[in-house]
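# Sequence first, predicted model second:
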Amino acid sequence: MQYRIDKKSGNQLSVLGFGCMRLPGTMGKTDLQKSEAIIMDAINKGVNFFDTAFIYPGSEVALGHVLEKNKVREQVYIATKLPLFKCQSYADFDKIFSIQLERLKTDYIDYYFMHNISTYEDWKRLCGLGIESWIAEKKATGKIKQAGFSFHGARDVFTAVIDAYDWDFCMIQYNYINTHFQAGVEGLKYAYAKDIPVFIMEPLLGGRLAQDLPEKAVKLLKEQDPTATPAAWALRWLWNQAEVTLLLSGMSEPSQVTENIMLAETSHIGDMTTEELALMDQVTEIFLESYKIPCTGCNYCLPCPVQINIPDCFMAYNTSYSMGRLTGMKQYATTIGGFQSAFWASDCIQCGKCEKHCPQSIAIMERLKDVRKRMEPFWFKAILRTARRMMK
């Protein structure tokens, strides 16, 4: 495993961090046995940074269980997050933090995030509640080692937030598609110039850059290197940059751990050739032609009051452009439960609850109308209803 230095603390962090948002499980319940297997495999192979959050269902509990059971807490750095929308008073900081320490079975957090700052007002509101003195107190007592923030806003907001406090680290959404989205490459370089470690989330854009590349793009990559997967290209592109301290991968299968660690061991700063970087630009152009809705599948918009699986609706819609309308409609029928009990994009009641939590600032209600228009022609529902009756 390769490591890069966190210049603020001097910590040596594995270039591959383990994102615990997508631990294996079903129906919202984490599979502890499978989670333990992949977490311990990662630790044994050198991964020392594990990222979770208060709002990731079952994640903090699972991570805490594995680390305590295997007595490896001191071998790793734990990162978790304070959910801003749950903080309405100073007392809420301690209330949430105490729950997190209990879940994680630890008495301190190595890297503590202000979760999902999107506007400068988000930070100012926290300051009004006393977050600066609270962080200072927790750092003085050793309960928090490093304090930072994760970001989902505009680039000018990012630089303003960076300058507003003496941050120990930050995290941004960044990949070869998102170079000018949110903080983007300019934000990455701005933080790096201030010696602020930058952690990367969504390196594969919620798996889209691994599994949902248009066939034309996949063909180009295979022609360059028949042995490399699309995911390998995306991760190498990030590790090629000195400004990237580490990237987080939401690994949920042993094969993903194996592949990502192998890549982390063999990818270096400045490794990619001019020809390879130009190829990534070509892939980006092809991808953006078919990527209509910038959903990463983070599921922050869920649960929907009428049980619409919003991320899956958007994934099927994007697939209908990248792989053909028929393929997209088949995916739509499957992912909305079309052969059992369907919850359609057209079932949206326009309550707006989802939009309040979307880190990509997607106009979800309007985009669901787009999904309805493309994916629900007048004959589509009739066919699915007939299929359901025949299956009974």
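Structure received.

# Quick check: buried residues in stretch 278-291?
Leu279, Met280, Val283, Thr284, Ile286, Phe287, Ser290, Tyr291 (16 or more other Cβ atoms under 10 Å). Bear in mind the C-beta positions are built from the backbone N, C-alpha and C, glycine included.

# Hmm, Pro214 and the fifth one touching each other?
Right, the one you point to is Ile286. Yes: assessed by Cβ atoms under 8 Å, Ile286 is found in contact with Pro214 at 5.4 Å.

# Which ones among the buried residues of stretch 278-291 map onto strands?
If you go by DSSP state E, the buried residues of stretch 278-291 have nothing in strands.

# Now distance to Leu238 too, for those, in CSV please.
Formatted as CSV, the buried residues of stretch 278-291 follow (distance: Cβ to Cβ, whole Å):
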residue, distance to Leu238
Leu279, 15
Met280, 11
Val283, 14
Thr284, 14
Ile286, 19
Phe287, 16
Ser290, 22
Tyr291, 19
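
# could the residues you listed go into CSV alongside distance to Asn11 and pLDDT?
Formatted as CSV, the buried residues of stretch 278-291 follow (distance: Cβ to Cβ, whole Å; pLDDT from 0 to 100):
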residue, distance to Asn11, pLDDT
Leu279, 34, 96
Met280, 30, 95
Val283, 34, 94
Thr284, 33, 93
Ile286, 39, 90
Phe287, 35, 88
Ser290, 40, 77
Tyr291, 36, 76
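
# can you tell me which of these lies nearest to Gly142?
Nearest to Gly142 out of these is Met280 (Cβ to Cβ; 42.8 Å).

# so that closest one makes contact with Trp237?
Yes: using Cβ under 8 Å, Met280 makes contact with Trp237 at a distance of 5.7 Å.

# okay, and the common contacts of the two?
Tyr176, Met272 (Cβ atoms under 8 Å, 6 or more residues apart in numbering).

# Can you verify Ile78 is assigned to a helix?
No: assignment of Ile78 by DSSP: H, G, I helix; E, B strand; the rest coil gives strand, placing it outside any helix.

# Please tell me how far it sits from Phe50.
Taking Cβ to Cβ, to the nearest Å as the measure, Ile78 falls 6 Å from Phe50.

# Nearest to Arg367, out of the buried residues of stretch 278-291: which one, please.
Using Cβ to Cβ, these come closest to Arg367 at Tyr291, 12.7 Å.

# tell me the phi and psi of the closest residue to that closest one other than its chain neighbours?
The spatial neighbour of Tyr291 that comes closest, neighbours along the chain excluded (Cβ to Cβ, 6 or more residues apart in numbering), is Asn318 at 5.8 Å. Phi and psi for Asn318, reported as degrees, to the nearest 10, are phi -60, psi -40.

# Near Asn318, how many other residues are there?
22 (other Cβ atoms under 10 Å).

# For it, which residues are in contact?
By Cβ under 8 Å, 6+ apart, the residues touching Asn318 are Arg208, Asp212, Ser290, Tyr291, Lys292, Ile293, Cys295, Gly328.

# now do Ala316
Gly328, Met329, Gln331, Tyr332, Thr335, Val371, Met375.

# Now restrict these to buried residues only.
Buried among these (16+ other Cβ under 10 Å): Gly328, Met329, Gln331, Tyr332, Val371, Met375.

# Go through these and flag which are in helices.
Using DSSP state H, the subset of those located in helices is Gly328, Met329, Gln331, Tyr332, Val371, Met375.

# isn't the fifth one right next to Tyr317, touching?
It refers to Val371. Yes: counting by Cβ under 8 Å, Val371 touches Tyr317, with 4.8 Å between them.

# Now the common contact residues for those two.
With Cβ under 8 Å, 6+ apart as the test, Val371 and Tyr317 both reach Tyr332.

# Go ahead and confirm Ile310 touches Leu302.
Yes: applying Cβ under 8 Å, one finds Ile310 in contact with Leu302, separated by 6.6 Å.
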